[in-house]
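Engineer: model the following, please.
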Amino acid sequence: MDTFQAIKSRRSIRSFNDKAVSDEEIEKLIDAARFAPSAGNLQPWEFIIVKEPKRKRQLSVAALNQHFIEEAPIVIVVCANETRSGRRYGRRGVTLYCIQDTAAATQNLLLAAYSLGLSTCWIGAFREKLVRESLKTPSHVRPVAMIPVGFSSRKPKQRRRRPIAEITHQETY
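Structural biologist: Next up, the predicted model:
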């Protein structure tokens, strides 16, 4: 699949059918995610694969009752290991670099899923404390994104994008 086609065609899906996602597909997603760029090549990402219905329900409640999350066969929670980035880059590594790095890994995961015919949605709105409790993450591992993964039961239309001329500045703002 052409990269530009994938970037322009991928959609956030909030409606899943009950078809299972294979372990091989999950491994391909994680493999794609781990090839994202990262500050100092520290690779501060951690991925928690959630399949258990009770835990998916907890995540959907933590995500401000976005119940479509629990409909997906799996949810991949992308976490940032703050200690890993902080060791080399101090406070900036903890507050920025590990977040940027996990965002890049998340985008790789989304595009890889699309190329495999899987559907996803990047969830950033959630009560972090509840997610941490549900997943039993150590204090230095911060949940950054939840990605429900499955097969779409419908395809949404392309949403409007701001024109290039409106978002581009030459030399200075």
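
Engineer: in this structure, which spans are helices?
Structural biologist: Taking DSSP state H, the helices of the chain run over residues 3-9, 23-34, 53-62, 68-71, 82-92, 98-115, 128-135, 164-167.

Engineer: worst mean pLDDT among those helices?
Structural biologist: Per-stretch mean pLDDT for the helices of the chain is lowest at helix 3-9 (a mean of 92).

Engineer: so the longest strand anywhere in the chain versus helix 82-92, what angle?
Structural biologist: In the chain, taking DSSP state E as the definition, the longest strand is strand 141-150. Strand 141-150 runs at 120 degrees relative to helix 82-92, counting by axes from the mean of the first three to the mean of the last three Cα atoms, to 10 degrees.

Engineer: and Ser85, how many neighbours?
Structural biologist: Per other Cβ atoms under 10 Å, the neighbour tally for Ser85 reads 27. For glycine as for every other residue, the C-beta is placed from the backbone atoms N, C-alpha and C.

Engineer: I'd like to know which elements the longest strand of the chain is packed against.
Structural biologist: helix 68-71, strand 74-81, helix 98-115, strand 119-120, helix 128-135 (3 or more Cβ pairs under 8 Å, 6 or more residues apart in numbering; DSSP states H and E).
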